[in-house]
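Novice: any chance you could fold what I've pasted below:
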Amino acid sequence: MSSDCMGWKEELTLGVGFIDDDHRRLAELMNRVFTVSNEGGDPDSVNQAFIELVNFTWAHFSREERAMAEHGYPQRNAHKIEHLHLIEQVSHLAQQLKTENGGKMSDDLAQILCDWVTGHILSADKLFARYLRSVGAAE
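Specialist: Predicted coordinates:
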């Protein structure tokens with residue numbers, strides 16, 4: 001796998017400022033965790049990078065879900081369930097980093113996580129962004 005777990009592609013840009021900014025930052029943080037864990041970073045550095053990713057992910061989900069509630073997004077509950085699934089995957093990754101791989105993220109797990117996030121952006125988040133634009137709430 002390349003040094004980037006999640007390469008940014010223009011197709012991931014959805015046209016809603018705060019969502020696009022968050023997704024770019026999320027990709028950077030995911031890549032940082034992958035890079036630190038696979039370039040011999042000590043367990044504390046890997047853990048710190050991972051905590052930053054988790055904290056940012058929670059903040060991003062909170063921003064999206066607040067906007068969904070504020071603008072009456074009809075698919076809010078289904079979208080929130082997808083967020084919960086990602087949190088489950090991140091929890092699994094955290095456990096694997098601590099116990100199975102000595103602080104190193106496997107290529108397979110990194111690819112699964114990055115594919116899930118990319119798929120979520122291109123499906124559920126794309127629909128949400130389209131909805132925000134339709135109600136004049138794209139920033």
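Novice: show me how far the longest helix anywhere in the chain is from its chain's centre.
Specialist: Looking across the chain with DSSP state H, the single longest helix is helix 43-70. Distance of helix 43-70 from its chain centroid, counting by Cα atoms, centre = their mean, to the nearest Å, is 8 Å.
Novice: the helix or strand bottoming out on mean pLDDT in the chain to helix 43-70, inter-axis angle?
Specialist: The helix or strand of the chain with the poorest confidence is helix 107-120; it has a mean of 80 (mean pLDDT, DSSP states H and E). Angle of helix 107-120 versus helix 43-70, following axes from the mean of the first three to the mean of the last three Cα atoms, to 10 degrees, is 20 degrees.
Novice: buried residues of helix 107-120, list them for me.
Specialist: Using 16 or more other Cβ atoms under 10 Å as the test for burial, helix 107-120 gives L109, A110, L113, C114, V117, T118, H120. Yep, even glycine has a C-beta here, placed from its N, CA and C like the rest.
Novice: from those residues, which is closest to A59?
Specialist: In terms of Cβ to Cβ, no member of the buried residues of helix 107-120 lies closer to A59 than V117, at 15.2 Å.
Novice: wait, doesn't the closest one sit right on Q89?
Specialist: No: judged on Cβ atoms under 8 Å, V117 makes no contact with Q89 at a distance of 9.1 Å.
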